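predicted model and sequence below, questions to follow.
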Amino acid sequence: MPLWLEVIVRTLCAVVVLFFLTRLLGKRQVSQLSLFEYITGITIGSLAAYISMDTEKNWFLGLIALAVWVAVSLGSEWLQIKSKKARDFMDFKSAVLVKDGKILEENLKKERLSSDELLAELRKKDVFRLADVEFAMMESSGTINVLLKKENQPLTAKDLGIIVPQQKEPLAVIMDGKVLDEPLDNLGQTRGWLQGKLELLGLNTEDVFLGQVDSYGDLTVDLYADKIKVPELQEKPQLYATLKKAEADMELFSLSTQNKEAKQMYEDASKQLLEMVQTLKPYLQG
């Protein structure tokens, strides 16, 4: 076999083996690495290069070395899952850097982090005043997580006493111009329902590159023709406006009648509609 062809074959074998071994090691090998995983990643890459280029050696010895490193890595991960002491020994511990707006200088020194580097990391979290920080911790991966003081945190719906509906994962029901039946089944809907939504938008399935249905049952689409603007469905705004008008009408009727029983009936109906509008508002205007 010519040398150039041998290099191609060996490289392709190394790529395939490395792919499956990386899949075996899991997602952490391609995201935030621990110390041991970092060492393993470097070594596996070097071994893969050795298998590809060192034509004077037996290439299967490199595959054996790869298998040994993967086995050691899997064994260390299993040990870390089972033992807290093993995690502390093989990986870095988390360290508190800021507490109650005060820098813990001793921990900063242990992590070999300067005050400038700490402030730069805080700015990455959109924090520019140290006094705004309640708590900051360096994780074992080296990232710094920040908890702002309560008065500096953004307001949430809970803080304002607003009830918001539970969100669910949007499901893709159209992809590449084709309807996906399984997501429709998960939503409890049919192709006929989807077709009705598309007709309201004046679209055909073939026009849609991607279509998603959210937790409220709203369909949003991205078209192949990017210059075409998709009209928004007005079903929910119209329903909200109708309920508000009905509530206002009941209140007007209660003010215009002199009959006590009718007045009380209209007032009760107005209150019930008002409660209904307030309950449905997050759904109809979300």
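Yep, it's here. Numbering: from 1, shown residues only.

give me the number of residues near the residue lying closest to residue 132 once chain neighbours are set aside?
Leaving aside its sequence neighbours, residue 132 sits nearest to residue 152 (C-beta to C-beta, 6 or more residues apart in numbering; 4.5 Å). For every residue, glycine as well, the C-beta is placed using N, CA and C. Neighbourhood size, residue 152 [other C-beta atoms under 10 Å]: 13.

center of this structure, which residue is that?
residue 169 (10.1 Å; C-alpha atoms, centre = their mean).

can you give me the domain boundaries for this protein?
What automatic domain parsing lists as the domains of the chain is 3-88, 95-152, 158-233, 235-285.

grab the nearest non-local neighbour of the residue nearest to the centre of the chain.
residue 215 (7.8 Å).

against residue 185, how distant is that neighbour?
As judged by C-beta to C-beta, to the nearest Å, residue 215 and residue 185 stand 16 Å apart.

next: residue 64.
Separation of residue 64 from residue 185 (C-beta to C-beta): 48 Å.

re the thing from before, now the domains of the chain in a markdown table, with mean pLDDT?
Below are those laid out as a markdown table (pLDDT from 0 to 100):
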| stretch | mean pLDDT |
| --- | --- |
| domain 3-88 | 66 |
| domain 95-152 | 88 |
| domain 158-233 | 83 |
| domain 235-285 | 77 |
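
am I right that the residue nearest to residue 169 is in contact with residue 187?
No - Residue 215 lies out of contact with residue 187 (C-beta atoms under 8 Å); the separation is 9.5 Å.

residues touching the closest residue to residue 107 other than its chain neighbours, list them.
Of all residues beyond its chain neighbours, the one nearest residue 107 is residue 95 (4.9 Å), with distances taken as C-beta to C-beta, 6+ apart. Residues in contact with residue 95 (C-beta atoms under 8 Å, 6 or more residues apart in numbering) are 107, 110, 111, 137, 138.

repeat that for residue 189.
Residue 189 makes contact with 173, 213, 217, according to C-beta under 8 Å, 6+ apart.

re the thing from before, of residue 215 and residue 185, which one has the most company?
When residue 215 and residue 185 are compared for neighbours, residue 215 comes out ahead with 15 against 10, by other C-beta under 10 Å.

quick one: the residue nearest to residue 169 is in a strand?
No - going by DSSP: H, G, I helix; E, B strand; the rest coil, the assignment for residue 215 is coil, not a strand.

use 648 as the first number from now on
Happy to do that; since the first residue is 648 now, the last one works out to residue 862.

what distance do you get for it to residue 815?
In this structure, residue 862 and residue 815 are 4 Å apart, going by C-beta to C-beta.

now residue 755
Taking C-beta to C-beta, one finds residue 755 at 43 Å from residue 815.

who has more neighbours out of the two?
residue 755 (18 against 12).

quick check: the closest residue to that one other than its chain neighbours vs residue 923, distance?
Spatial nearest neighbour of residue 755, chain neighbours left out: residue 744 (6.0 Å); criterion: C-beta to C-beta, 6+ apart. According to C-beta to C-beta, residue 744 and residue 923 sit 50 Å apart.

now do residue 853
40 Å.

the two - which one has more neighbours?
Neighbours were counted for residue 853 and for residue 923 using other C-beta under 10 Å; residue 923 has more, 13 against 10.

all strands for the stretch 648-797 of the chain, in order.
For the stretch 648-797 of the chain, the strands defined by DSSP state E, counting those that start in this stretch occupy 742-746, 749-750, 780-785, 791-795.

in CSV, list these along with distance to residue 768.
Output for the strands of the stretch 648-797 of the chain, formatted as CSV (distance: least, C-beta to C-beta, whole Å):
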stretch, distance to residue 768
strand 742-746, 9
strand 749-750, 12
strand 780-785, 8
strand 791-795, 4
